[in-house]
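Engineer: kindly return the folded structure for what I paste below:
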Amino acid sequence: MTYEIIFSRRHEDLSIKDEIYHLIDDCYIGGQQFIDAEHLLKHEKESREGYSRRLELTPYINNFASLVDLIVGFLFVREPSRKETDNVKYIIDKATKTKGLTKFMQMVAIRSFLYPGGVLVDSPTFDPATVGSEKQRQNENLNPYCVFYTPFKIRDFAYDENNELSWIILDNSYTDKTNPLIDNITHEIYRLWTTNEFIDFERIGKEIVAGQAVEHGLGEVPFKFCMWRDDDDDFISESLSEDLAYIAKANYNNLSYMPEMLSAGTFKMLAYPSASGEIPDELVSGGTGSLTLLPFDGNLSHKPEFIGSELGDVASYLSVLEYFSIEMLKIVGIDTDEAKQYVKSGVAKKLDFQKVKSYLSSGARMLGELETWIFQTVAKWENNITNASSSYETDFLSEDIDEKLARWTQLAMLPYKELQKTLHKIMVRSVLSSDMTKDELEETIESIDRSPDQIDIGSLINMEDGADA
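Structural biologist: Down below sits the predicted model:
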């Protein structure tokens, strides 16, 4: 029997949005990942050499990640309310192989803001005959754990008539680097989960080999999609990040013309009138920088002059960058009086706040429902039941948002790495202060200072993807 269909299946809605999801991911991570993806568009009149030079000179100013972190940070200003968690408390302490539940949920909140994803509650396989007690199981780290999957790792899925997940195919491929004396070995593995069992399919050479079916006995697929908003109930979110990413890309491309203008305005071309067409040797050999006197034919109608862009023209580019940054704020329902030619009334401000509050509330409800589901699924893996539940604060104060917005607006529009570091340190303190000891928090802040560029936000969202399954 051939299993090629397992590797060729791809959900049509995810496939259609693959390109924008990759753009969103690049915009958030930024740095070399964004540059290498070549989101810089080549102008039709531009040579390949000119394009390569522009690509090398253009920085990516990551206002996108700053805004996403700002919005998501409001969800963690207060600790979630977790009730009756005694029999699943270990999942709070260690939800994944490396993170507690709160840090895991912070990563989930960011990722689910960006694009649709999902959480799998898996459990290690072990022989019950050799693990005789719950205490022994916990001591040997054989507890259920959570794995987050991005849309890139979710291959295909289907729901039944009761709106319950019937099956899902997840990409659990990984690279084996355990032996430093041999080349890395890539294992391409897709796992099919159904309501009764799971099966691993591995591509080995030109063949696809099916592993042994393993019954899990849960009566459901232990996977839950998580997204801030799903207007048409198709389990593919309508993400604000799509519009934000397109604006970030446009900003990057507009910014790319500014270094060229600065260079042309600094190193202008000298127009030298000459009856014979000859140029003085001192200009050819040494340029104009060291000359105090430049003779020319006074009988000619024009004298030598520099031609090229004026440095004052850069102001127009800065206006464009500021405009797009303000538009990013408007998309999430946040606006500032400083960006207007009129002052907003109290009613108008309240309406703007209600737009962002509504989006935050949907994110908070999603996180609370997801945590409650995690508690219940963990208990099912142990043939148990639980009344554990979780809820996130949905009473967001406009004053809190206004204060952080003002801080973000002041910093994010300025293309200076030190200011971006300052912004990131403020966000780290506001979001993680309740989840770290004082020493851990200070070490994290110091690591931002030591970073040569921007803070490596990937350290916060270094997700436990299919490789951990």
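Engineer: rest of the way, CA atoms for contacts and neighbours
Structural biologist: Will do.
Engineer: where do the helices sit along the stretch 51-200 of the chain?
Structural biologist: Remark: helices assigned in the stretch 51-200 of the chain by DSSP state H, counting those that start in this stretch are 63-73, 89-93, 101-114, 134-139.
Engineer: sort out which residues of the shortest one are buried, please.
Structural biologist: Translated: helix 89-93. 90, 91, 92 (16 or more other C-alpha atoms under 10 Å).
Engineer: from those residues, pick the one nearest residue 160.
Structural biologist: Nearest to residue 160 among those is residue 91, at 29.5 Å by C-alpha to C-alpha.
Engineer: surely the closest one meets residue 100?
Structural biologist: Yes - in this structure, residue 91 is within contact of residue 100 by C-alpha atoms under 8 Å, at 7.3 Å.
Engineer: coming back round to it: export the buried residues of helix 89-93 as TSV, with columns for distance to residue 78 and pLDDT.
Structural biologist: Shown next, in TSV, are the buried residues of helix 89-93 (distance: C-alpha to C-alpha, whole Å; pLDDT from 0 to 100):
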residue	distance to residue 78	pLDDT
90	21	88
91	20	92
92	16	92
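Engineer: what is the nearest of those residues to residue 7?
Structural biologist: residue 91 (32.4 Å).
Engineer: please list all residues in contact with the residue lying closest to that closest one once chain neighbours are set aside.
Structural biologist: The shortest distance from residue 91 to any residue other than its chain neighbours is 6.6 Å, reached at residue 101 (C-alpha to C-alpha, 6 or more residues apart in numbering). Residue 101 sits next to 91, 92, 93, 94, 95 when contact means C-alpha atoms under 8 Å, 6 or more residues apart in numbering.
Engineer: got the contact list for the third one?
Structural biologist: Residues counted as contacts of residue 93 (C-alpha under 8 Å, 6+ apart) are 99, 100, 101.
Engineer: low-confidence stretches in the stretch 351-469 of the chain?
Structural biologist: The model of the stretch 351-469 of the chain has pLDDT under 70 over residues 351-355, 396-420, 422-424, 426-436, 451-469.
Engineer: ok, now with 80
Structural biologist: Where the stretch 351-469 of the chain drops to pLDDT under 80, the residues are 351-357, 395-441, 445, 447-469.
Engineer: isn't residue 391 up against residue 365?
Structural biologist: Yes - the pair residue 391 and residue 365 qualifies as a contact (C-alpha under 8 Å) at a distance of 7.0 Å.
Engineer: more neighbours: which of these two?
Structural biologist: A direct count of neighbours by other C-alpha atoms under 10 Å for residue 391 and residue 365 places residue 391 higher, at 19 against 16.
Engineer: on that earlier part again, wait, which of the contacts of residue 101 is closest to residue 302?
Structural biologist: Nearest member of those to residue 302, counting by C-alpha to C-alpha, is residue 95, at 76.9 Å.
Engineer: hmm, residue 143 and the closest one touching each other?
Structural biologist: No - counting by C-alpha under 8 Å, residue 95 does not reach residue 143; the two are 9.3 Å apart.
Engineer: name the SS class of the residue nearest to residue 2 when sequence neighbours are not counted, please.
Structural biologist: In space, and not counting its chain neighbours, residue 2 is closest to residue 208: 7.2 Å by C-alpha to C-alpha, 6+ apart. Here residue 208 is strand, with the state taken from DSSP: H, G, I helix; E, B strand; the rest coil.
Engineer: ok, residue 208 to residue 43 distance?
Structural biologist: 44 Å (C-alpha to C-alpha, to the nearest Å).
Engineer: ok, now residue 360?
Structural biologist: Distance from residue 360 to residue 43, counting by C-alpha to C-alpha: 39 Å.
Engineer: sec struct for residue 393, please.
Structural biologist: coil.
Engineer: count of residues packed around it?
Structural biologist: 18.
Engineer: what's near enough to touch it?
Structural biologist: Counted by C-alpha under 8 Å, 6+ apart, residue 393 has contacts 75, 78, 79, 80, 364.
Engineer: at 10 Å what do you get?
Structural biologist: 74-81, 360-361, 364-365, 368 (C-alpha atoms under 10 Å, 6 or more residues apart in numbering).
Engineer: next one: residue 250
Structural biologist: 39, 40, 41, 244, 256, 321, 324.
Engineer: buried residues, the strand or helix carrying it. List them.
Structural biologist: Residue 250 is part of helix 241-255 when elements are defined by DSSP states H and E. Applying a neighbour-count criterion of 16+ other C-alpha under 10 Å, one finds 241-242, 244-255 buried in helix 241-255.
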